[in-house]
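Peer 1: Quick check, what structure comes out for this input:
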Amino acid sequence: MTRYESAIDLDAITAIDVHVHIEIDHHGHASLPPDLVEAASKYFTTDLERPDLDAIAAYYRERQMAAVVFTVDAESQLGHAPLSSEDIAEGAARHNDVLIPFGSVDPRRTDAVDRITRLVEDHGVRGFKFHPTVQGFDPSDERYYPIYATLQDAGVVGLFHTGQTGIGAGLPGGRGFKLGLSNPMLLDPVAADFPNLQIIMAHPSVPWQDEALSVATHKHNTWIDLSGWSPKYFPDSLVRAANSYLKKRVLFGSDFPLLTPERWRRDVELTSLKPEVMPGILKDNAARLLGL
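Peer 2: Here you go, the predicted structure:
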């Protein structure tokens, strides 16, 4: 076992993509069951092949970018075995010039806190990804506070999906997934009660963008990543915030492989994001957050 230590040369990269999914492992096991993979592809109108971790490392190295990589462990909700966060951390250690590993734990499992501790101490992960809608939990429920206390004590980041999701879209009843669990306002009490926990609210939080901006304005331990939507669809309020009062806490993310960094960077030219804020959004803010 190799514990992850970053070897990223910030001067050698142009961007840090803070939102990259590992969707298949080296055994061919997918992170989601087939019906959800198909539904997500239709939602994002893509039939891209799902690359494994080694291919993703090569992809980002070729583009002189670094990437935060993770899976989502939602076994309780999906009845589907997750990818191994340990394997992802081990892979990131092999590619530590371009990859940064985040772990994922099913918050509904009784051993979630122990798994977080092992992933941080033994494997060196730098944060954890949560998807309240897909994992089926209310992040504001105090039963999950031991998880947040563990993250805060370890000094690692909590990255939470917010807003609408393409996972389950179009399936009967959205496959039972509840969008309201990903309202960013549910993260406000978490940010209040764990002031030293750095929280990323992932994606433009459609249809709750104003809620996300309110939380980020009031709680300076919260950040917003810009993944999952082409920048040309960003709400005007988000662009205004990124250009001004939140410019130090907005992060570039793609949602690769469903949205590529090339498309994101091409489409961002169609927005009114100011050139002077782009270095922070693309790289500097994430480097500061992740301690690179």
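
Peer 1: now stretch 4-15: mean pLDDT?
Peer 2: Confidence for stretch 4-15, expressed as mean pLDDT, is 98.

Peer 1: Give me the buried positions along that stretch.
Peer 2: Across stretch 4-15, burial judged by 16 or more other C-beta atoms under 10 Å covers 4, 6, 8, 13, 15. Where you see a C-beta, it was placed from the backbone N, CA and C, and this is true even at glycine.

Peer 1: With just CA atoms, put it into PDB.
Peer 2: Extracted C-alpha coordinates of stretch 4-15, given in PDB (Å, rounded to 0.1, in the frame of the first residue of the first chain):
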ATOM      1  CA  TYR A   4      -0.800   9.400  -1.300                       C
ATOM      2  CA  GLU A   5       1.500  12.400  -1.200                       C
ATOM      3  CA  SER A   6       1.000  15.100  -3.800                       C
ATOM      4  CA  ALA A   7       3.800  15.800  -6.300                       C
ATOM      5  CA  ILE A   8       1.800  18.400  -8.300                       C
ATOM      6  CA  ASP A   9       3.900  21.200  -9.700                       C
ATOM      7  CA  LEU A  10       1.600  24.200  -9.700                       C
ATOM      8  CA  ASP A  11       3.800  26.000 -12.200                       C
ATOM      9  CA  ALA A  12       3.500  23.200 -14.600                       C
ATOM     10  CA  ILE A  13      -0.300  23.000 -14.700                       C
ATOM     11  CA  THR A  14      -3.000  25.400 -16.100                       C
ATOM     12  CA  ALA A  15      -5.900  24.300 -14.000                       C
END
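
Peer 1: so where is this structure shaky, pLDDT-wise?
Peer 2: Applying pLDDT under 70 to the chain flags the ranges 43-49.

Peer 1: Have a look at it and report its longest helix.
Peer 2: helix 112-123 (DSSP state H).

Peer 1: just to revisit the earlier point, spell out which two among the buried residues of stretch 4-15 are the most distant pair, please.
Peer 2: Farthest-apart pair in the buried residues of stretch 4-15 is Tyr4 and Ala15; separation 20.2 Å (C-beta to C-beta).

Peer 1: Quick one: residues in contact with the helix or strand just after the longest helix of the chain.
Peer 2: Using DSSP states H and E, the helix or strand that follows helix 112-123 in sequence is strand 127-130. By C-beta atoms under 8 Å, 6 or more residues apart in numbering, the residues outside strand 127-130 that reach it are 68, 70-72, 102-105, 107, 116, 119, 139, 151, 156-161, 200, 290.

Peer 1: Could you rerun that using 6 Å?
Peer 2: The contact list for strand 127-130, computed with C-beta atoms under 6 Å, 6 or more residues apart in numbering, reads 70, 72, 102-104, 156-160.

Peer 1: Would you mind giving these as a markdown table with secondary structure added?
Peer 2: Listed next are those as a markdown table, based on DSSP: H, G, I helix; E, B strand; the rest coil:
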| residue | secondary structure |
| --- | --- |
| Phe70 | strand |
| Val72 | coil |
| Phe102 | coil |
| Gly103 | strand |
| Ser104 | coil |
| Val156 | coil |
| Val157 | strand |
| Gly158 | strand |
| Leu159 | strand |
| Phe160 | strand |
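
Peer 1: Right, I'll call it a day here.
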